[in-house]
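Engineer: Any chance you can model this:
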Amino acid sequence: MGTIGTNARRKLLTASEVRRLLLQRCDQLGGQAAFARRYKVTRAYVSQVILGQRPPSARMCAALGIRDAGVRWVAK
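Structural biologist: Residues are numbered from 1 along each chain as shown. Next comes the predicted model:
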């Protein structure tokens, strides 16, 4: 027997929602520098993503529990 709902739709996140997730994760870890150290990205890059100047990288998406879905992001 197959499982019902295994391909359920995931919530699409806007860029603003992704930035909010990143801010929350930074707060949980103690700030942007702590996030940057833990996930091996620069603090400047974290700041640029939060400000909407750059998109999140695959590594950053993985840290947030999301994946890039082209125009938007999908919760895993």
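
Engineer: can you count the residues close to Gln32?
Structural biologist: Neighbour count for Gln32, taken as other CB atoms under 10 Å: 22. In this view, the C-beta of every residue, glycine as well, is placed from N, C-alpha and C.

Engineer: and the closest residue to it other than its chain neighbours, how far is that from Gly70?
Structural biologist: With CB to CB, 6 or more residues apart in numbering as the criterion, Gln32 has its nearest non-adjacent residue at 4.6 Å, and that residue is Val46. Using CB to CB, to the nearest Å, Val46 is found at 23 Å from Gly70.

Engineer: the more surrounded of those two?
Structural biologist: Set Val46 next to Gly70 and count neighbours by other CB under 10 Å: Val46 wins out with 24 against 7.

Engineer: isn't Ala36 right up against Tyr45?
Structural biologist: Yes. Under the criterion of CB atoms under 8 Å, Ala36 makes contact with Tyr45 at 7.2 Å.

Engineer: what about this structure, any weak spots by pLDDT?
Structural biologist: Along the chain, segments meeting pLDDT under 70 span 1-9, 71-74.

Engineer: same thing but 50
Structural biologist: Residue ranges of the chain with pLDDT under 50: 1-7.

Engineer: Now the longest helix along the chain: buried residues?
Structural biologist: Ranked by number of residues, the top helix in the chain under DSSP state H is helix 15-29. Residues of helix 15-29 classed as buried: 18-19, 21-22, 25-26, 29 (neighbour count, 16 or more other CB atoms under 10 Å).
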